[in-house]
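K.L.:
The sequence isn't on hand, but the structure is:
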């Protein structure tokens, strides 16, 4: 049986750990609220952007713009969104495993699959696995910015236009709730207007009388790269909310587990202390009887 001193030390250590996990839970909860506010604003904007592109590009040939051109998918790029920090439950492992499984499932019908990774956790996961990692972006989460999304978007669109890749996907955790995050694999390039979410009750197809200033192609020149950047920023915000939700849940579970462990250790400590007192009393009584005898 452990000594009273070691039990006291362990109880104190677990209490300190519980204070840390409780504080991390509160911090994650505050950041989650901010991330949810960003998502509430970002989702409608991103979807409306898709509606606009579908409206402008409807009836256009796929070769009318480089970002609309559909090619035989022989070279594929995956943008994988992870975090720089851990202690977030299965947040990072889920998106990394899904990306790795996607590569394994599709590598036979493609000549080359490359990963661009956001986050140190993704880097650590893939460096010991047989995949090609091209670029690494760190210090993006948990505070994504339009500048970061635009930088990543420019890299992806330039690589696609130059013919380095025939298609580009983004893999991220979509936020559902603090206890549910779903991994999504979405194609960024080529942009296919027919696959975008369009509400025909709200947006009618442009008629032949519709005028585009300065021209339809120049409107697409501005909209399509911005659309890619917006979808990346939306995925980053989804990832932030998912990370904070997963961390809040993980820290809550850790705090509860620490409380259970403290109760068990305290019970064990009290029993050990009671046994020590009983032993001491028995020795005193035995000594007194021997003196009287």
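P.N.:
The structure has been received and is ready for your questions. It should be emphasised that the depicted structure is a prediction, and the values quoted were computed from it without experimental measurement. Numbering: from 1, shown residues only.

K.L.:
For the rest of this, base every contact and every neighbour count on C-alpha atoms.
P.N.:
Fine.

K.L.:
Spell out which helix or strand contains residue 139, please.
P.N.:
Assessed by DSSP states H and E, residue 139 sits outside every helix and strand.

K.L.:
Count the neighbours of it for me.
P.N.:
Other residues lying near residue 139 total 14 when counted by other CA atoms under 10 Å.

K.L.:
Can you read off the pLDDT for it?
P.N.:
Residue 139 is assigned 93 on the pLDDT scale.

K.L.:
Surely it and residue 121 touch.
P.N.:
No: with contact defined as CA atoms under 8 Å, residue 139 does not count as touching residue 121 (11.5 Å).

K.L.:
Please enumerate the shared neighbours of these two.
P.N.:
residue 84 (CA atoms under 8 Å, 6 or more residues apart in numbering).

K.L.:
hey, which helix is longest across the protein?
P.N.:
Longest helix in the chain, counting residues (DSSP state H): helix 216-292.

K.L.:
show me what contacts residue 234?
P.N.:
The neighbours of residue 234, taking CA under 8 Å, 6+ apart as the test, are 39, 42-43, 46.

K.L.:
Please, which helix or strand holds the closest residue in space to residue 258 that isn't next to it in sequence?
P.N.:
Among residues not flanking residue 258 along the chain, residue 18 sits closest, at 5.8 Å (CA to CA, 6 or more residues apart in numbering). Using DSSP H and E, residue 18 sits within helix 4-57.

K.L.:
for that helix, what is the average pLDDT?
P.N.:
91.

K.L.:
Could you do stretch 179-186 as well?
P.N.:
So the average pLDDT for stretch 179-186 ends up being 94.

K.L.:
can you check stretch 63-73 too?
P.N.:
Mean pLDDT, stretch 63-73: 85.

K.L.:
likewise stretch 241-250?
P.N.:
96.

K.L.:
Run through who's touching it.
P.N.:
Applying CA under 8 Å, 6+ apart, the external contacts of stretch 241-250 come out as 24-26, 28-29, 31-32, 35-36, 83, 87-91, 173-181.

K.L.:
Kindly report the same for stretch 28-38.
P.N.:
Contacts of stretch 28-38 (CA under 8 Å, 6+ apart): 237-238, 240-241, 244-245, 247-248.

K.L.:
Give me the buried positions along it.
P.N.:
Within stretch 28-38, the residues that count as buried by 16 or more other CA atoms under 10 Å are 28-29, 31-32, 35-36, 38.

K.L.:
any idea which of the residues you listed is closest to residue 125?
P.N.:
The nearest member of the buried residues of stretch 28-38 to residue 125, counting by CA to CA, is residue 28 at 23.4 Å.

K.L.:
State the distance from that closest one to residue 247.
P.N.:
6 Å (CA to CA, to the nearest Å).

K.L.:
now the helix or strand hosting residue 184, how far from the chain's geometric center?
P.N.:
Using DSSP H and E, residue 184 sits in strand 180-189. In terms of CA atoms, centre = their mean, to the nearest Å, the centre of strand 180-189 is set 10 Å apart from its chain centre.

K.L.:
So what are the sheet partners of it and their directions?
P.N.:
Here strand 180-189 is paired, per DSSP bridges, with strand 167-177 (antiparallel).

K.L.:
which one is residue 53 nearest to, not counting chain neighbours?
P.N.:
Distance criterion CA to CA, 6+ apart; nearest residue to residue 53, sequence neighbours excluded, is residue 193 at 6.4 Å.

K.L.:
Neighbours of the one you found, how many?
P.N.:
Residues lying near residue 193 (other CA under 10 Å) number 21.

K.L.:
wouldn't it be in contact with residue 49 here?
P.N.:
No: using CA under 8 Å, residue 193 makes no contact with residue 49, being 10.8 Å away.

K.L.:
Could you check the angle the strand holding residue 184 makes with helix 216-292?
P.N.:
Strand 180-189 and helix 216-292 meet at an angle of 150 degrees, taking axes from the mean of the first three to the mean of the last three CA atoms, to 10 degrees as the criterion.

K.L.:
count of neighbours near residue 48?
P.N.:
Counted by other CA under 10 Å, the residues lying close to residue 48 total 17.

K.L.:
And the one 4 residues further on, by the same measure?
P.N.:
By other CA under 10 Å, 19 other residues sit near residue 52.

K.L.:
got it, and residue 279?
P.N.:
Neighbours around residue 279, by other CA under 10 Å: 12.

K.L.:
what about it, distance to residue 269?
P.N.:
In terms of CA to CA, residue 279 sits 15 Å off from residue 269.
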